[in-house]
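# give me the fold of what follows.
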Amino acid sequence: MAASPAHQARRQAGDPVTPNIELIAVVSGAACVAGLVLAVVALVGTTRPAGPAPGAGPGGGLRRLWLGSGTTARARRNHQVLLGGAVLAGALAFLLTGLPMVGLLVAVAVPGAPWLFAVGRAEQRAIARIEAVGEWTRRLKDVSSTGQGLQQAILGTIATAPEEIAEEVRLLAARLQAGWQARMALLAFADEIGDPVCDQVVAALILHLTDRGERLGDVLGSIASAAGAEVSTRREIEAKRTQPRFAVRFLTGMTLLTLAYGLVNTEYVRPYGTPTGQLVMAVLGGAFIGLLAWVRAMSQPPRPARFLPAPDPTEAIA
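Numbers count the residues shown, from 1 in each chain. Purely as a prediction, here's the structure:
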């Protein structure tokens, strides 16, 4: 059947309506995935020590995106490597498949996969640090029982401080030697450890600064024993969270295999080449990312509440 004159005229003109629909579909899909990812970040959240955020000030959003939420130079460098890898991987995936959504999902997967596979490591590190705090407290008790002052006792534990908190102990000693008020230096130490068990130790040391009581060793010994009991309890809870964390890693691995297969076999993702297919991929991909983040959040214990305030930098120097 011959085409109508209107259809032939629209075809000769290049049918400008279709490209506009494809552009709207691609932009809508990207906005959908980006919105879901931002919603996941808002639900999961990030934790940082007190103080101005690295993204504060003009251009803070871009600066925070580039630096990440890490508090050390190594953490920021790793974040920047992941960010650069995400951009390169996303661009390569787009070139291989010609699908914008595949490139976006691959770019999200590069930093997202280590984050999902590392589920539970933060809690294991926190348990190890609390155990180290208990061990350091016992050593501090032994040193202080020889009659040395509190500052000298802290300096005496530098060489024997457990590896998990050795950097924090050295920094505490350096601040004391640099003329910081002992209370502010101890509060900064507690803020860097970021756990209520360490808050108990620091609270006892701060009280000792004011009343100079003779029972500091007994108090530190009790806190060290309580820290050991806390470590045992957390390890029992950690063992019960093994199954949901295995589910997170399994789903993450299957997702990566699916993405890899789609990049190798373009026929697998060809049905998503239409504007409708891109929208479907955006919705499914965003929903699956949200599901993985939700499962990961459920496998994480609630962050223990602290009771010591953050140090005030303006009062640090005596």
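# what are the ranges of the helices in the chain?
5-12, 17-44, 60-67, 73-97, 100-117, 121-144, 150-156, 166-177, 182-193, 196-211, 216-240, 242-264, 266-269, 275-298 (DSSP state H).
# these: which one's closest to Ala305?
Set against Ala305 and scored by Cβ to Cβ, the helices of the chain come closest in helix 196-211, at 6.7 Å. Quick note: C-beta positions are derived from backbone N, CA and C, even for glycine.
# angle of the closest one against helix 216-240?
Using axes from the mean of the first three to the mean of the last three Cα atoms, to 10 degrees, the direction of helix 196-211 lies 170 degrees away from that of helix 216-240.
# burial of Leu155, as a residue count?
Leu155: 18 surrounding residues under other Cβ atoms under 10 Å.
# sorry, wrong one. I was asking about Phe288.
Neighbours around Phe288, by other Cβ under 10 Å: 15.
# can you check Glu131 too?
For Glu131, using other Cβ under 10 Å, the count is 21.
# that one contacts Ala227, doesn't it?
Yes. Taking contacts as Cβ atoms under 8 Å, Glu131 lies within contact range of Ala227: 7.2 Å.
# common neighbours of these two, please.
When Cβ atoms under 8 Å, 6 or more residues apart in numbering defines a contact, no residue borders Glu131 and Ala227 alike.
# coming back round to it: nearest to Phe307, out of the helices of the chain?
If you check each of these against Phe307 by Cβ to Cβ, helix 196-211 wins as the nearest, at 5.7 Å.
# show me how far that closest one is from its chain's centre.
Here the centre of helix 196-211 is set off from its chain's centre by 29 Å, with Cα atoms, centre = their mean, to the nearest Å.
# quick check: buried residues in it?
By 16 or more other Cβ atoms under 10 Å, the buried positions in helix 196-211 come out as 196-206, 208.
# which residues are in contact with it?
So helix 196-211 is contacted by 130, 133-134, 137, 150, 182-183, 186-187, 189-190, 213, 216, 219-220, 223, 226-227, 230, 304-308 (Cβ under 8 Å, 6+ apart).
# show me which of the residues you listed are buried.
Buried by 16+ other Cβ under 10 Å: 130, 133-134, 137, 150, 182-183, 186-187, 189-190, 216, 219-220, 223, 227, 230, 306, 308, out of these.
# for Gln124, give me its contacts.
Gln124 neighbours (Cβ under 8 Å, 6+ apart): Glu238.
# and the pLDDT at it?
pLDDT recorded at Gln124 is 85.
# go on, Leu279?
92.
# neighbours of it, how many?
By the criterion of other Cβ under 10 Å, Leu279 has 18 neighbours.
# next: Trp115.
14.
# okay, it: pLDDT?
On the pLDDT scale, Trp115 gets 82.
# of all the helices of the chain, which one is nearest Thr314?
Among those, helix 182-193 comes nearest to Thr314, with 9.5 Å by Cβ to Cβ.
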